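> coords below, sequence missing:
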């Protein structure tokens, strides 16, 4: 037990070191920014057509179930034990959260990925930063109130989305835009619920159940609709494993960062996410990098994310 506590304290001290925390926050956001282009590449490697929603759901389900297993591995490495699973009503609530945050959100998200360019899809998905600020103002009142900087950041962020839509729906279909925005709203609304559940159960257990139950529901739904995954190459398997690593490792890293640092020190690097998304979409999937709508939208969204997350000035400073 003493060994476990010592290991936990060392990890907390490491992740609480400002320079290390900043570097890992950038790395974590770069991981998440790579998800969209790697999902699109996965569709290509597994020969999944844009209209094959059933197989898309199977692909998503397998990814999240694999990611849930990595969360268990993370718990073993970081805490020296498997997480204690909740029981009764708390267990049911964790499963319901998984159906909402993973199944519902990613059913729309993965459908949107198939219908949008990676660059524009990533820009659209970044609206979660601004929706979170707006919802927090009404949910938490003075504890997380809207400030002039946050308001300006939200205006710039949504202006960036509008700029990105100029010409050919931003490189995708109108339904793709709707699906991505709906996925973003579901994600934002799930935040307070997730925070509430983690106060009642081990955070690793909550994440495991969220990903496993939500992923299993996606897989079962996809199979019932006639979907399947055809392994075309080893590259397809590696792509799927990398995507599983993003959701599993990303959760563990972000949880440690948020535990040991002021939120503003970490969240401010969210602008890395859409930047990496645009760059990798061009590199991996041959999408145009210097389309003026994307560049303009990217600048506005990144500045907006920085504004809504920067630490407020202390009085007298």
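On my side now, so go ahead. Bear in mind that the values here come from a model prediction, so they are computed numbers and not experimental data. Numbers count the residues shown, from 1 in each chain.

> where are the low-confidence patches of the stretch 51-200 of the chain?
Along the stretch 51-200 of the chain, segments meeting pLDDT under 70 span 137-144, 164-172.

> For it, just list every one of the helices.
53-79, 88-98, 105-115, 118-125, 127-140, 148-164, 168-171, 174-197 (DSSP state H, counting those that start in this stretch).

> Switch those over to CSV; also include distance to residue 293 and mean neighbour count.
For the C-beta atoms, the positions are set from N, CA and C on the backbone; glycine is no exception. Formatted as CSV, the helices of the stretch 51-200 of the chain follow (distance: least, Cβ to Cβ, whole Å; neighbours: other Cβ atoms under 10 Å):
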stretch, distance to residue 293, mean neighbour count
helix 53-79, 26, 21
helix 88-98, 36, 16
helix 105-115, 17, 24
helix 118-125, 8, 29
helix 127-140, 16, 18
helix 148-164, 5, 19
helix 168-171, 7, 19
helix 174-197, 13, 18
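
> out of those helices, which comes closest to residue 287?
Among the helices of the stretch 51-200 of the chain, the nearest to residue 287 by Cβ to Cβ is helix 118-125 (5.7 Å).

> for that closest one, packing partners?
helix 35-45, helix 105-115, helix 148-164, helix 168-171, helix 174-197, helix 272-285, helix 292-309 (3 or more Cβ pairs under 8 Å, 6 or more residues apart in numbering; DSSP states H and E).

> That one vs helix 292-309, what angle?
For helix 118-125 against helix 292-309, the angle between stretch directions is 30 degrees (axes from the mean of the first three to the mean of the last three Cα atoms, to 10 degrees).

> okay if I get the helices and strands packed on helix 118-125 as TSV plus distance to residue 250?
Shown next, in TSV, are the helices and strands packed on helix 118-125 (distance: least, Cβ to Cβ, whole Å):
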stretch	distance to residue 250
helix 35-45	9
helix 105-115	14
helix 148-164	22
helix 168-171	26
helix 174-197	14
helix 272-285	11
helix 292-309	17
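
> surely residue 91 meets residue 98?
No: contact criterion Cβ atoms under 8 Å: residue 91 and residue 98 do not qualify, at 10.9 Å.

> To residue 58, which of the helices and strands packed on helix 118-125 lies closest?
helix 105-115 (10.1 Å).

> Show me what that closest one is packed up against.
helix 35-45, helix 53-79, helix 118-125, helix 174-197, helix 203-224.

> Any chance of the ones you listed in JSON lines with distance to residue 157 as columns?
Formatted as JSON lines, the helices and strands packed on helix 105-115 follow (distance: least, Cβ to Cβ, whole Å):
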{"stretch": "helix 35-45", "distance to residue 157": "17"}
{"stretch": "helix 53-79", "distance to residue 157": "26"}
{"stretch": "helix 118-125", "distance to residue 157": "9"}
{"stretch": "helix 174-197", "distance to residue 157": "12"}
{"stretch": "helix 203-224", "distance to residue 157": "26"}
